[in-house]
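A.B. asks: structure here, sequence nowhere to be found:
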């Protein structure tokens with residue numbers, strides 16, 4: 001335990017110095033390799049799992065032809081006035097690569113990713129989500145997990161519009177699931193800024209499986225201000241949904257398990273193949289001009305470190321909850337599960353050439369640039385919108401909340417909790433409607449956890465290394481380095497924050513909109529499933 005505490009303290013100092021080892025930022029982020037043979041987890045407790053590195057019958061990504069499939073574009077649904085959209089969840093098949101058999105997926109609207117829903121700020125949308133899924137799951141349900149007990153239906157679903165400010169009844173609360181043959185209408189008021197939202201399954205105890213099976217899609221909210229900026233649009237605006245998977249050579253999805261049929265849950269899942277809009281190593285044919293890329297990390301557990309192979313810079317113009325105040329020019333971008341990024345890249349200098357978008361050293365897709373002359377009237381203004389930075393003085397209350405991890409190598413699998421509480425423990429975060437709070441997220445684990453709050457948007461104040469040993473022993477905070485302000489691309493409104501190990505991350509949120517019970521959780525799907533999720537209550 002002492003060695004681990006020293007490790008976290010060292011990690012905090014390293015982060016304060018501006019250097020964070022990749023293994024602190026994300027398990028296995030640099031290469032799409034499996035976890036070490038027969039082991040998953042952390043240094044305290046390694047849980048057995050099948051050796052997927054040598055498992056026969058799995059697709060070897062090195063043997064697939066690259067860039068032979070065009071980048072798929074999900075269909076677009078435009079909301080009509082006073083007429084609800086109907087989106088059906090059902091089992092379907094889809095080819096993920098030219099040389100592979102079709103894969104069975106669970107999808108919204110018959111496509112993976114689901115259709116991109118486009119809406120306008122101030123114009124409400126009703127969506128009827130129809131559950132036409134099979135009654136038996138094709139991935140390993142763990143009945144020992146909270147909310148997935150054997151007395152519950154094996155297949156359940158509830159849609160959460162991630163990043164939306166909606167009433168409690170329309171939020172997709174994990175316990176609001178319904179079974180095949182049922183449907184539910186959700187009302188989205190769209191009273192918030194233009195942003196890249198996304199929808200996905202949130203059924204208690206099995207959403208990790210439902211998302212892995214394919215239940216996710218984009219929801220683009222636009223407003224007059226954004227449309228007035230002259231950003232690339234139309235065919236020059238591309239959605240890019242990243243998610244990693246394992247595939248069997250017969251095309252079927254493979255989801256790793258512990259090897260124990262009574263407790264198949266594993267702490268993390270990292271596939272060796274990344275799907276981009278549902279295709280493996282696709283090719284996007286583009287013109288020599290600016291493009292806007294609406295990027296979503298929809299993986300269960302993989303973090304993506306995005307860059308172009310030739311090192312070209314690109315501009316970040318928005319994050320989870322809409323536009324930044326000004327563009328941030330970067331050469332790489334690190335995205336956790338659940339995070340979105342709004343990017344602009346200029347391919348004008350590549351006329352007749354191509355460039356690959358990478359996850360560190362591994363290609364994800366290729367942009368093939370046309371040879372013709374084109375006129376580009378798009379632009380990226382120096383000022384995108386007025387976005388004042390919040391300060392800690394704006395908060396009327398401050399909370400100290402821990403990210404915890406427990407291991408029992410003999411009897412039970414690893415357990416992750418928030419503030420030491422399980423899902424069904426009494427609510428401890430009760431917030432008055434309209435008030436502003438600062439949440440100090442104290443990470444006691446060795447992982448970076450992407451923490452998501454439903455209902456609200458927030459800003460990141462800073463991250464600061466602290467003495468983890470002292471906190472564990474005395475529950476007192478002693479900082480061991482200076483506070484780090486977030487980089488430029490994290491200074492907008494967010495709904496997911498990367499909480500680094502050995503550090504305290506401070507966020508400020510105003511809990512406005514609606515009263516009711518909502519959830520906050522880690523967006524590593526396997527962590528969330530094993531109780532790294534808590535309700536909070538907004539009261540009048």
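C.D. replies: Good, I have the coordinates. Everything numeric in this text was worked out from a predicted model, so none of it was measured.
A.B. asks: quick check, residue 344 in a strand?
C.D. replies: Yes: the assignment for residue 344 (DSSP: H, G, I helix; E, B strand; the rest coil) places it in a strand.
A.B. asks: shouldn't it be in contact with residue 376?
C.D. replies: No: between residue 344 and residue 376 there is no contact under C-beta atoms under 8 Å: 11.4 Å. Where you see a C-beta, it was placed from the backbone N, CA and C, and this is true even at glycine.
A.B. asks: which neighbours do those two share?
C.D. replies: Here residue 344 and residue 376 have residue 290 as joint contacts, going by C-beta atoms under 8 Å, 6 or more residues apart in numbering.
A.B. asks: can you pick out the residue with more neighbours from the two?
C.D. replies: More crowded of residue 344 and residue 376, by other C-beta atoms under 10 Å: residue 344, with 22 against 15.
A.B. asks: so how far is residue 318 from the more buried one?
C.D. replies: For residue 344, the distance to residue 318 (C-beta to C-beta, to the nearest Å) stands at 10 Å.
A.B. asks: quick one, strands of the stretch 351-500 of the chain?
C.D. replies: In the stretch 351-500 of the chain, the strands defined using DSSP state E, counting those that start in this stretch lie at 354-359, 362-369, 397-408, 412-418, 430-432, 436-443, 449-453, 458-465, 496-499.
A.B. asks: check contacts around residue 443.
C.D. replies: Residue 443 sits next to 402-403, 449, 499-505 when contact means C-beta under 8 Å, 6+ apart.
A.B. asks: what is the burial count for residue 310?
C.D. replies: Residues contacting residue 310 under the criterion other C-beta under 10 Å number 12.
A.B. asks: isn't residue 155 right next to residue 136, touching?
C.D. replies: Yes: look at residue 155 against residue 136 with C-beta under 8 Å: they come within range, at 6.7 Å.
A.B. asks: now do residue 80, the pLDDT please.
C.D. replies: With respect to pLDDT, residue 80 has a value of 76.
A.B. asks: ok, now residue 415?
C.D. replies: In this model, residue 415 is scored at 87, pLDDT.
A.B. asks: how about the one 3 residues further on?
C.D. replies: Reading off the per-residue confidence, residue 418 sits at a pLDDT of 98.
A.B. asks: re the thing from before, just the contacts of residue 443 now: which is nearest residue 348?
C.D. replies: Checking the contacts of residue 443 against residue 348 by C-beta to C-beta gives residue 500 as the nearest, at 36.8 Å.
A.B. asks: can you give me the distance of that closest one to residue 349?
C.D. replies: As judged by C-beta to C-beta, residue 500 and residue 349 stand 35 Å apart.
A.B. asks: more neighbours, those two?
C.D. replies: Taking neighbours as other C-beta under 10 Å, residue 500 and residue 349 compare with residue 500 leading, 25 against 11.
A.B. asks: I figured the more buried one hits residue 448, correct?
C.D. replies: Yes: at 5.3 Å, residue 500 counts as touching residue 448 under the criterion of C-beta under 8 Å.
A.B. asks: could you check how far residue 116 is from residue 287?
C.D. replies: Residue 116 sits 21 Å away from residue 287, taking C-beta to C-beta as the criterion.
A.B. asks: cool, and residue 86?
C.D. replies: The value you get for residue 86 to residue 287, if C-beta to C-beta is used, is 35 Å.
A.B. asks: settle it for me: which of those two has more neighbours?
C.D. replies: residue 287 (19 against 14).
A.B. asks: dump the residue contacts of that one.
C.D. replies: Taking C-beta under 8 Å, 6+ apart as the test, what residue 287 contacts is 236, 347, 369-370, 372, 374.
A.B. asks: if we use 10 Å, what do you get?
C.D. replies: Listed by C-beta atoms under 10 Å, 6 or more residues apart in numbering, the contact partners of residue 287 are 235-236, 347-348, 351, 369-376.
A.B. asks: closest to residue 459 among the residues you listed?
C.D. replies: Within those, the smallest distance to residue 459 is 29.8 Å, found for residue 236 (C-beta to C-beta).
A.B. asks: I'd assumed residue 294 was in contact with that closest one.
C.D. replies: No: proximity of residue 236 to residue 294 does not meet the contact threshold set by C-beta atoms under 10 Å, at 11.6 Å.
A.B. asks: still on that earlier bit, the contacts of residue 443: which two are farthest apart?
C.D. replies: Longest span within the contacts of residue 443, C-beta to C-beta: 402 and 500, 14.2 Å.
A.B. asks: roughly how far apart are residue 526 and residue 447?
C.D. replies: 11 Å.
A.B. asks: joint contacts of those two?
C.D. replies: Both residue 526 and residue 447 are contacted by 267-268, 301, 416, under the criterion C-beta under 10 Å, 6+ apart.
A.B. asks: most surrounded residue in those?
C.D. replies: Among these, residue 267 has the most neighbours (other C-beta under 10 Å), with 27 neighbours.
A.B. asks: helix, strand or coil for that one?
C.D. replies: Following three-state DSSP, the label given to residue 267 is coil.
A.B. asks: poorly predicted segments of the stretch 301-450 of the chain, please.
C.D. replies: Low-confidence segments of the stretch 301-450 of the chain, defined by pLDDT under 70: 408-413.
A.B. asks: likewise the stretch 51-200 of the chain?
C.D. replies: 51-54.
A.B. asks: so for residue 124, what's the nearest residue that isn't a sequence neighbour?
C.D. replies: Nearest residue to residue 124, sequence neighbours excluded (C-beta to C-beta, 6 or more residues apart in numbering): residue 189, at 4.9 Å.
A.B. asks: so what's that neighbour up against?
C.D. replies: Going by C-beta under 10 Å, 6+ apart, residue 189 touches 121-125, 164-167, 170, 513-514.
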